[in-house]
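> pasting the sequence and the predicted coordinates here, then a few questions.
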Amino acid sequence: MPRTDQGDISKDILSGIALTTLILTVSIYLPVIGFFSALFVPLPTLFYRSKLGRKTGAIIPVLTIILMVVILGGISIDILFFFELLLLGFILSELFELELSIEKTLLYACGCVLLTGMVCLLFYSMVSKTGFGTLISDYVAKNLELTLVLYKNMGVSDENLRMISASLDSIKYVLIRTIPAIVVASTFFISWGCLLLARPMLLSKNLFFPEFGLLNLWKAPESLVWGVIGSGLLLVLPYKSLKIIGLNGLLILLTVYFFQGIAVVSFYFEKKKLPRIFRFFLYSLIALQQLVLLLVIGLGFFDIWLNFRKLETNHHH
């Protein structure tokens, strides 16, 4: 890692802060695109932490968060969320240097982020003297209201708006109870997305990226099936609290099978040498169409028995 002079480092720090702040601002003020831009929030931190090392790299997320607190006029759950995303980029870069397996890299990164998130939220609920549950349900309610406004502005018909309004309470009820799964699943998604995006970015600048092997050969541990079966059984039992645990378990595990499904899809894209633009179109379809998404999860799940990629017979490792 060649040392650069002070001017270069300052320039890197400034461009890191500017870039991160730009992505965060987009995700706050452009709701729909904002959702996808969360994927990119950890990347500048990850990149500059890899480039400038730990101490200098840490300046970027810290100053960015301070700047965002100033822009948004105080600390809110959104700030906590951004803080976790920046932390994710930093931790991923740290873990890259340990050259762990891809499972460990993702699990440790998500674990760290979820744990600090939990601590920060509890601390925030103590400081703001709001109960933890109230904090979460207010946040969900506020975001549902914003979503309704968004639909209205997008020109959704009055009839549909009325239908959504009428079911807001039940949506809120389910959302609040599946928050653990939603948070875990989205942390997995964002970490996984960052990992895929970081590779070309780091390698293009001759920075280190761990050799995870061919990701399209990845498969989930077979024992996870029991988790799915267990969660499914809890859903059938007549106890509300067990149903909620089962639902959360299922949602988290289905995320893991989604990754396996995507690996299968990507494996066949490579095998059939599909052109880039066509792949991009198909991946976008998966991201935007729930039905296609479910198909991919199904692919991943049944791959355990059907072995779509015929992995044992011809190992490419």
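Received, thanks. As the structure is a prediction and not an experimental result, all values here were calculated from the model. Residues are numbered from 1 along each chain as shown.

> can you list the weak-confidence ranges in the chain?
Counting by pLDDT under 70, the chain has low-confidence residues at 1-4, 31-32, 313-317.

> show me what secondary structure element comes after the lengthiest helix in it.
Across the chain, the longest stretch assigned as helix under DSSP state H is helix 240-271. Tracing the chain past helix 240-271, the next element assigned as helix or strand by DSSP states H and E is helix 276-288.

> by how many degrees do that next one and helix 240-271 diverge?
170 degrees (axes from the mean of the first three to the mean of the last three CA atoms, to 10 degrees).

> tell me which other helices or strands helix 276-288 touches.
Contact here means 3 or more CB pairs under 8 Å, 6 or more residues apart in numbering; DSSP states H and E; on that basis helix 276-288 packs against helix 240-271, helix 290-306. To be clear about C-beta, it is placed using only N, CA and C from the backbone, and glycine gets the same treatment.

> kindly recompute the last result at 6 Å.
Helix 276-288 sits against helix 290-306, with contacts defined as 3 or more CB pairs under 6 Å, 6 or more residues apart in numbering; DSSP states H and E.

> tell me the angle the helix it packs on makes with helix 276-288.
Interaxial angle of helix 290-306 relative to helix 276-288 (the same axes, to 10 degrees): 100 degrees.

> what residues sit buried inside helix 290-306?
Residues 292, 293, 296, 297, 299, 300, 301, 303, 304 are the ones in helix 290-306 that count as buried (16 or more other CB atoms under 10 Å).

> would you map the strands across this protein?
Counting by DSSP state E, no segments of the chain form strands.

> which stretches of the stretch 51-200 of the chain form helices?
Taking DSSP state H, counting those that start in this stretch as the criterion, the stretch 51-200 of the chain contains helices spanning 54-72, 77-98, 102-127, 132-153, 158-166, 168-177, 179-204.

> give the buried residues for the third one.
By neighbour count with 16+ other CB under 10 Å, helix 102-127 contains the buried residues 105-106, 108-110, 112-114, 116-117, 120-121, 124-125.

> closest one of those to residue 176?
Looking at the buried residues of helix 102-127 and their distance to residue 176, the nearest is residue 121, at 14.0 Å (CB to CB).

> okay, now the nearest residue to the closest one once chain neighbours are set aside: neighbour count?
Using CB to CB, 6 or more residues apart in numbering and skipping the chain neighbours, the partner closest in space to residue 121 is residue 80 (6.5 Å). Using other CB atoms under 10 Å, residue 80 has 17 neighbouring residues.

> any idea how far residue 80 lies from residue 107?
Applying CB to CB, to the nearest Å, the value for residue 80 to residue 107 is 22 Å.

> still on that earlier bit, can you redo the helices of the stretch 51-200 of the chain as JSON lines with distance to residue 310?
JSON lines is the format used below for these (distance: least, CB to CB, whole Å):
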{"stretch": "helix 54-72", "distance to residue 310": "42"}
{"stretch": "helix 77-98", "distance to residue 310": "31"}
{"stretch": "helix 102-127", "distance to residue 310": "21"}
{"stretch": "helix 132-153", "distance to residue 310": "44"}
{"stretch": "helix 158-166", "distance to residue 310": "45"}
{"stretch": "helix 168-177", "distance to residue 310": "39"}
{"stretch": "helix 179-204", "distance to residue 310": "24"}
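
> and the ones you listed, which is most packed in?
The highest average neighbour count among the helices of the stretch 51-200 of the chain, using mean count of other CB atoms under 10 Å, belongs to helix 77-98 at a mean of 21.

> so what touches that one?
With contact meaning CB atoms under 6 Å, 6 or more residues apart in numbering, helix 77-98 is reached by 24, 41-42, 45-46, 49-50, 61, 65, 68-69, 105, 108-109, 112-113, 117, 120, 139, 210.

> so what's the gap between it and the chain middle?
Using CA atoms, centre = their mean, to the nearest Å, the distance from the centre of helix 77-98 to the centre of the chain it belongs to is 11 Å.

> what angle do it and helix 102-127 make?
In terms of direction (the same axes, to 10 degrees), helix 77-98 departs from helix 102-127 by 150 degrees.
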